[in-house]
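# Mind folding the following:
(one chain, ligands or ions: 2)
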Amino acid sequence: MIKETSSRPETGKGNIQRIWALLPAGRRNQLGLLVMLLIVSVLSEAATVTMVVPLINALAKPESVPTFLRGFFELFGGHTTDQIRLSMALLFVILILVAAGIRLLYLWASMRVSFAIGSDFTETAFQKTLTLPYAEQTRLNSSHLLTGLMVKMQQLVFVGLIPLLTAAGALVLAMTIVATLFLIAPDVTILLVLLVLALVGVLVLGLRTPLKHTGEMVARLQPKFTERMQVARGGIREIILDGTQQFFAHELSRTQRALRHYQARGAFLSSSPRLFMEAAFMLTIVGLALWTFKSADDPISVIPQLSLVAVGAMKILPAAQLLIQNWATIRNGRAVVRDALDLVEIQAKVRGEDIVPLAKSDGTKFARDIRLKDVWFRYSAEDPYILRGINLTIYKGERIGIIGQTGAGKSTLIDLIMGLLTPTRGEIEVDETPLDRSNLFAWRKQVAHVPQSIYLTDASVAENIAFGVSKSDIDRECVIDSAQKASIGRFVNDGDAGFATLVGERGMRISGGQRQRIGIARALYKSADLIVLDEATSALDSDTEARIMRTIHELGRDKTLLMIAHRLTTLRGCDRIIELGSGEIVRVFQPDELDPIG
Ligand SMILES: Nc1ncnc2c1ncn2[C@@H]1O[C@H](COP(=O)(O)OP(=O)(O)OP(=O)(O)O)[C@@H](O)[C@H]1O
Ligand SMILES: [Mg+2]
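Ligands and ions are numbered 1, 2, ... in the order given. Got it, this is the predicted structure:
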């Protein structure tokens, strides 16, 4: 069993307040309508309860039916006692059907609204996690994110919104029924209410803490479970080689069993109030019957009143039962719902790393230079500075090579230039305009990047080259051209069939070199002004690399190139080479000054 303790501080706001604050005006209006529907539904429900005594009376003594009703029945030809009895029963049936219909409508509407809110929230959370600054993205944990977006968002509906609306309905219903019953039979009603309150109080006190605890455990174990699955997928080659299948299977089953254990406990705890309430219902009826008959002079005369009590208890107790059961579900789901809401409210934690608004590029291209002015950077306030006082001007059309030991900060430097990261101190200017929130989005669109390890989706070669472009919008000519320049011979030679080849998850079904060349083709497809290659050709044999580098250098002087390489031969065609060491530029030189040994 996995033992864990809660480490998350309690926030001041409850889930309900947070949900309300996050709702758009439209949804709030829908909820308002829902409340109105609820009131109508409850009134019709109360009417059926109120009708019980007149009905029983009318059935026993048809002459006691009020004159207006009798007049009404006579309109439809009801004159005899039997006809009046029948009409009375019919009226009652109609009332019940109408009340049921309205409740059905409320049920339907509350489900619709709950799921709509669930989908609003999921959408917002997904969009927010997409637009979060890159530095924040590197801090996110994908198991938490996946579980949050897929499992917890759905739970938000099932153990948050639906029980909340159901409980609201049950509460209004219970109160109305109590009020109605009180008008008819105050003493019996008070007795019933006290009984229900005592029972509910005991159940709430007893279940509060265990429900909260199981809920916390489920919320904590869910992402763990996802993580174990992901590790088993991502590390499958090593797992097979090392023969560690048993170990990973065991790890997964340990988490999984703990999760199911707490889920079972939560399910049991939140369903248990029902049994208590049902038993209490039966005991009440028996008790009240005994009490009524004992205290009445004429046992027959109390039958109508007893029916009222039975119907009242039949209504109050299920409403109370519904209330407490939904309370239990909500309580149990609190932690999960809280996690889901955290995602909807997610924000950049570090100042200056705000979300950059999505905007259309105004089409202006970078014309002269990119200047780094005394740029300092660290990943967070606790981390050391990775770059210290970098001053560098990159002219349009230049080919710049960047070298330096591993961990020197090369990838960090280009992430800053590309606008993925923001300098901690200092400034980056493009054509003398400092990069900031207003222009970052447009600037990034002018940059193409071939990273050290390229991400491929399990789709065709063509779709991977035109990444983020819908299938029907892919420019076929451009794909072929980019693929040719990137020397993806095999796929080009096979024509359409080649481009339709599926690369497998993360490109597992193609070679490392093919993956890199797809990455290069992807950058070329973007037809950006600034192309950044980070160890982009490290997996290629030297002939292929030389061929690709030649085409890249032939790209035309309207493109600016930045390339990081460990192999110095890769940088032969560059205008300048910059060497980084401990976060500073230690040397700038020409390729012909290259020391062949490095
Ligand atoms: N997201 C991050 N959060 C915190 N530190 C990071 C992060 N990414 C990188 N670092 C640290 O920043 C330093 C520079 O990393 P960077 O990736 O820029 O090096 P590099 O020069 O590209 O190395 P390599 O040649 O191995 O790719 C390293 O010490 C690394 O541990
Ligand atoms: Mg790197």
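
# check contacts around Leu37.
The contact partners of Leu37, by C-beta atoms under 8 Å, 6 or more residues apart in numbering, come to 102, 105-106, 109. Just so you know, the C-beta spots here come from the backbone N, C-alpha and C atoms, and that holds for glycine as well.

# Moving C-terminal from the helix or strand hosting it, which element do we reach first?
Following DSSP states H and E, one finds Leu37 within helix 25-60. Per DSSP H and E, the first helix or strand lying C-terminal to helix 25-60 is helix 67-75.

# pLDDT of the next helix or strand after that next one, averaged?
Note on helix 67-75: by DSSP H and E, the next helix or strand toward the C-terminus is helix 81-131. Helix 81-131 comes out with an average pLDDT of 89.

# Helix 81-131 - contacts with which helices or strands?
Judged by 3 or more C-beta pairs under 8 Å, 6 or more residues apart in numbering; DSSP states H and E, helix 81-131 is in contact with helix 15-22, helix 25-60, helix 67-75, helix 153-155, helix 162-184, helix 303-344.

# Relative to ligand 1, which of the ones you listed is closest?
Evaluated over those, closeness to ligand 1 peaks at helix 303-344, with 20.6 Å, by C-beta to the nearest ligand atom.

# Tell me the gap between the closest one and the middle of its chain.
Relative to its chain's centre, helix 303-344 lies at 27 Å (C-alpha atoms, centre = their mean, to the nearest Å).

# Check which element follows it along the chain.
Heading C-terminal from helix 303-344 (DSSP H and E), you reach strand 369-377.

# Output that following strand in PDB with nothing but the alpha carbons.
Presented in PDB, the C-alpha positions along strand 369-377 are these (Å, rounded to 0.1, in the frame of the first residue of the first chain):
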ATOM      1  CA  ASP A 369      19.500  42.500 -37.200                       C
ATOM      2  CA  ILE A 370      18.800  40.800 -33.900                       C
ATOM      3  CA  ARG A 371      20.700  42.400 -30.900                       C
ATOM      4  CA  LEU A 372      21.200  40.800 -27.600                       C
ATOM      5  CA  LYS A 373      22.000  43.600 -25.100                       C
ATOM      6  CA  ASP A 374      23.600  42.400 -21.800                       C
ATOM      7  CA  VAL A 375      21.300  39.400 -21.600                       C
ATOM      8  CA  TRP A 376      21.300  37.400 -18.400                       C
ATOM      9  CA  PHE A 377      19.200  34.400 -17.900                       C
END
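
# now it: mean pLDDT?
96.

# If we go by neighbour counts, what in the helix or strand following it is buried?
Per DSSP H and E, the first helix or strand lying C-terminal to strand 369-377 is strand 387-395. The neighbour-count check on strand 387-395 (16 or more other C-beta atoms under 10 Å) flags 387-388, 390, 392, 394 as buried.

# Run through those residues and flag the ones next to ligand 1.
Contacts with ligand 1 are made by none of the buried residues of strand 387-395, judged by C-beta under 6 Å from any ligand atom.

# Close to ligand 1: what parts of the stretch 251-400 of the chain are there?
For the stretch 251-400 of the chain, the residues in contact with ligand 1 (C-beta under 6 Å from any ligand atom) are 379, 383, 386.

# Tell me the most packed of those residues, by neighbour count.
Ile386 (21 neighbours; other C-beta atoms under 10 Å).

# Once you drop chain neighbours, what's closest to that residue?
Excluding its sequence neighbours, the residue lying closest to Ile386 (C-beta to C-beta, 6 or more residues apart in numbering) is Gly409, at 4.6 Å.

# Could you report the pLDDT at the nearest residue to Arg334 once chain neighbours are set aside?
Sequence neighbours aside, Gly215 is the residue nearest to Arg334 in space, at 5.3 Å (criterion: C-beta to C-beta, 6+ apart). Per-residue confidence (pLDDT) for Gly215: 96.

# Just after the helix or strand where Gly215 lies, pick out the following helix or strand.
Using DSSP H and E, the element containing Gly215 is helix 186-234. Beyond helix 186-234 on the C-terminal side, the first helix or strand identified by DSSP H and E is helix 236-242.
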